[in-house]
Structures are given as structure tokens and as C-alpha cells.
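Asker: Predicted model follows, preceded by the sequence.
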Amino acid sequence: MILRFSPDTWRDALLRPLAMAAPDAFVYIELHAPDFRFALVLLLMLVLTALAWKKAVAVPRPLKVLTATMWLAFVPWLVTSGNGRYFIPFLLCVGVVCVALLYRLPATRGMRASLVLLVLAMQAYAVFSVNQMDRWGFVKWSKAPYFEIVPMPGITDKPHTFVSITQVSYSLVAPQFHPDSRWVSVSHLPDRSSTDPEYQWGQQIFKEATSLQLIVNALPGSSTPQKQPNEATRAYLNGVLAAQQLQLATNGHCSVVRSRSMALLSYDDSSLDEEKLALAGFWVCPLALAPNVPFEQSLKVSDPRLNAILRKVEQACPRLFPPGQNIVFKIEDGFRRTYSDSDMWVMVLNGIGVMYKYWHALNPVLIGTDEQVLRGDFKLDCNNIRGRSGLPWEREI
């Protein structure tokens, strides 16, 4: 289960309706999407309850049932994901409940209509003040085709099997290529050490391809004068591709599919010129099958000491660091294990010790030295994770 938006404590769960009003990202969806309507419903419920106690108003049974259903829906939602994309029916429902509750207030018709308009205006201001609806990443969507590429003969007008390595979807780019092309992202595919059927499906696609091409962001700072990936970039790309028994073709020439949208990731619009545009876009590089290439991107943990360290951390917080994983990544001066379901890392660094890092936090947190962790002589508060736990305005980075 993905824990990205799941509350860590009962307090976080109970206060989620209030937290949703915060203008922060990663509260109940990845984007900034403040929604104070749930807090307003709570306020109106208190007001109407007090008035009903004095018999000044009467709330009809259908409205009570609808309101109760909305609040009860929070339970399965927060238990399963807390992700707003799975709560859309009730994100729509809350607007109806707000208007219906405002209508029950003992005020004139004009006053009630004014309050409804005020709520609409406030919510609209909250949403548009942090507006991200016209952007993809850091690229502003201004006009169609929203993510622009320049067609290239032989690349965009002929079918290929394109392999991407980034987690970001190419869904805005793919329609501008030949419709018979196939697209495979290896960012979440199991690596060659796995027996998962998804790995085998990927291998079958690669073997059947008549034209296998890597598509990846062309980085101006990593280009040679010939607009090719430099040696360091080629080495990195080959290291990632090795997990799928692929390599850049030895004598293959990478084409640059130009994109003004990609250029805006590196340069300001006012400073763009023809020279900069010529380097910005996507490298499309021919790939070759490489069944015997060495693979060191990730590995099974065979060191008993490293295994024991990771196991201690996992036993301390199994929800955030679920046991049973056997892959670690080599990093500079140590190792890192990724727990994608909770967006967490555990790093074992030579000369420093054991640290964890939440994906959205700026800084890692030291758990203890290797020896302290092995002895169990450490404290790890699973309900106080930097960058994750607490209400949005309480989180440390």
C-alpha cells in the first residue's frame, strides 16, 4: 500500500479536514490544492447544531444523511490511501453540502446567496493563488501542443520502440511521434535479478523491437560539441540500462529532437536563441541488447553486517520500512535502500552511520552509528518523521 498521504497518527487522521485547507503540496495530493470547504462544513455543523438546540432551525434528514456519509467516507479513504484522486466523489459532494448548510441558516434569501458567493470566491482565490494548472513540472503551458517538439524525419514519423528511464510520464510527448510506436518506461520495471513476470514482459518487448531507441532529456551541460552525451553521461545511462540487459549501441549516433518546452527548463524565455534551442530537447539514441553486460546498479545484500543493520531499522518501523526487500543501491561511501511505498530511504554511510531520509525532506536524519543500530541502542520515532509527520504547518524540512 502506498503511504504517501496516509496519516501517521490518530491526530493526523482526525485533523485531515483542517489540514486540507493548508496551501501546502503533498497534503492529500501532490500539488498545492488548498480546500477549506471541509473546515467550513464543520463550522456550519456547529452553528446549526446550536441553533437546532434552540429550535431556531431544522436540518432535513436527507442533508444529515449526506453529510454523515461524507464524513464516514474519510475512514476507508484514510485507511487505504488518503490520496485525493481516490476521493473525488466527496470532493464534489462537499460543495453541495456547503451550499445546503448555508441555505439552512436563519437569514434572508439575499444574505444566504451572498454567503454562497463569498464561499465560492474564497475557495477560488485559495486555488488560483497557488495555481499550477498551467504547468508541467517547471514548464508553463501556454498554447497547444502544450509540450512542444520539432518533428524530425526518421524519428518522429516512423514507428520505433522507445525506452524511457525517467519516472515522469511522456504522455504529452508520445502523441507527437508515430502512432505505431511503442513506449516502455523502465523506471519501475524489476531489474534482471528479479523473477517478476513484468521483467520478462519487458525483455520480450525489447527482443521483438525492430528499432529500439532510448529517449531521455538532452542536457546542454552534458553534451559534447557534436551534441552527443558526454562520456560521463553515457556511463550513467549504460549503468541504468544494464538493469534491463540493454546498452547504448556502440556506434550509434544520438539525434536531438528539439523542444522549446525542454529549453525552458534550462533557460529563461527571454534568453533563448538558436544555439541554445539546438541543444535542448530529447536525445533519441539507438539501443542494443546486452545480456552479458555487468550490472551493478542494484544488488542483493550479502553482507551479514549490512543485513543486520537494515533489519534493525525495519523492525523499529515496519510500516515505513517494510521488511522483505533484498535490493540496495551503491552510493558514494555506502549503500542506500529505497522503500518506494513510503517514499523513504535508509542509508548506511561509511564513517557516518545510519540515516533515514523522507523523499520530500531537505535533510536526512541520523539514526545512530553502525554499532548503535546493531545493539538496538537508538530511538526512532515512527510517528515523527522529518518532512512527513504532523500537520502541514508543523513539518520540518
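Answerer: Yes, it's here.
Asker: Show me the shaky parts of the stretch 51-200 of the chain.
Answerer: When residues are selected by pLDDT under 70, those of the stretch 51-200 of the chain lie in 132-143, 145, 193.
Asker: could you pull out the helices for it?
Answerer: Counting by DSSP state H, counting those that start in this stretch, the stretch 51-200 of the chain forms helices over residues 61-80, 88-103, 109-128, 197-208, given from the N-terminal end onward.
Asker: The third one: which residues count as buried?
Answerer: To tie it back to what came earlier, the one meant is helix 109-128. Residues of helix 109-128 classed as buried under the neighbour-count rule (16 or more other CB atoms under 10 Å) are 112, 115, 119, 123, 126, 127. (Glycine included, C-beta is placed from N, CA and C.)
Asker: Likewise for the shortest one?
Answerer: Neighbour-count burial for helix 197-208, with 16+ other CB under 10 Å as criterion, is recorded at 199, 202, 203, 206.
Asker: can you list these in TSV and add distance to residue 262?
Answerer: Written out in TSV, the entries for the buried residues of helix 197-208 read as follows (distance: CB to CB, whole Å):
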residue	distance to residue 262
199	30
202	26
203	30
206	26
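Asker: Out of the residues you listed, which is nearest to residue 318?
Answerer: When the buried residues of helix 197-208 are compared for distance to residue 318, the smallest value, 26.3 Å, is given by residue 199; criterion: CB to CB.
Asker: From residue 205, how far out is that closest one?
Answerer: 11 Å (CB to CB, to the nearest Å).
Asker: what's the answer for residue 363, then?
Answerer: 40 Å.
Asker: hang on, isn't residue 316 packed against residue 385?
Answerer: No - Residue 316 is not in contact with residue 385 according to CB atoms under 8 Å; the separation is 11.9 Å.
Asker: if you count what's nearby, which of the two comes out ahead?
Answerer: For residue 316 versus residue 385, neighbours defined as other CB atoms under 10 Å are more numerous around residue 385 (23 against 17).
Asker: Find me the pLDDT at the residue lying closest to residue 149 once chain neighbours are set aside, would you?
Answerer: Among residues not flanking residue 149 along the chain, residue 259 sits closest, at 4.6 Å (CB to CB, 6 or more residues apart in numbering). At residue 259 the predicted local confidence, pLDDT, stands at 85.
Asker: returning to what we had before: among the buried residues of helix 197-208, which has the minimum pLDDT value?
Answerer: Per-residue confidence over the buried residues of helix 197-208 reaches its minimum at residue 199, where pLDDT is 85.
Asker: pretty sure that residue contacts residue 188?
Answerer: No - using CB under 8 Å as the test, residue 199 is too far from residue 188 to be in contact (11.1 Å).
Asker: Against residue 215, how distant is residue 191?
Answerer: Distance, residue 191 to residue 215, using CB to CB: 20 Å.
Asker: So for these two, which sits in the more crowded spot?
Answerer: Summary of the neighbour comparison: residue 191 and residue 215, criterion other CB under 10 Å, with residue 215 having more neighbours (23 against 18).
Asker: Can you name the residues bridging to the more buried one?
Answerer: Beta-bridge pairing of residue 215, defined through DSSP bridges, involves residue 284.
Asker: dump the residue contacts of it.
Answerer: Neighbour list for residue 215: 162, 163, 164, 170, 173, 257, 282, 283, 284 [criterion: CB atoms under 8 Å, 6 or more residues apart in numbering].
Asker: My read is that the first one contacts residue 177, right?
Answerer: Yes - applying CB under 8 Å as the test, residue 162 and residue 177 come out as touching, 7.3 Å apart.
Asker: Just want to know which of the two has more residues nearby.
Answerer: residue 162 (26 against 23).
Asker: what's across from the more buried one in the sheet?
Answerer: Here residue 162, judged by DSSP bridges, has bridge partners residue 183, residue 213.
Asker: Please tabulate the helices of the stretch 51-200 of the chain in JSON lines, including the columns distance to residue 251.
Answerer: Written out in JSON lines, the entries for these read as follows (distance: least, CB to CB, whole Å):
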{"stretch": "helix 61-80", "distance to residue 251": "51"}
{"stretch": "helix 88-103", "distance to residue 251": "51"}
{"stretch": "helix 109-128", "distance to residue 251": "52"}
{"stretch": "helix 197-208", "distance to residue 251": "19"}
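Asker: Residue 380 is nearest to which of these?
Answerer: If you check each of the helices of the stretch 51-200 of the chain against residue 380 by CB to CB, helix 61-80 wins as the nearest, at 23.4 Å.
Asker: got the buried residues for the closest one?
Answerer: Going by 16+ other CB under 10 Å, helix 61-80 has these buried residues: 63, 67, 70, 74, 77, 78.
Asker: In contact with the first one, which residues?
Answerer: Under the criterion of CB under 8 Å, 6+ apart, the neighbours of residue 63 are 97, 100, 101, 104.
Asker: do residue 357 as well
Answerer: 344, 345, 347, 363, 364, 365.
Asker: Could you give the bridge partners of it?
Answerer: In beta-bridge terms (that is, DSSP bridges), residue 357 pairs with residue 345.
Asker: Of the contacts of residue 63, which is the nearest to residue 46?
Answerer: Comparing the contacts of residue 63 against residue 46 with CB to CB places residue 101 closest, at 10.6 Å.
Asker: quick one: residue 241 and residue 165 touch, right?
Answerer: Yes - counting by CB under 8 Å, residue 165 is a contact partner of residue 241 at 7.2 Å.
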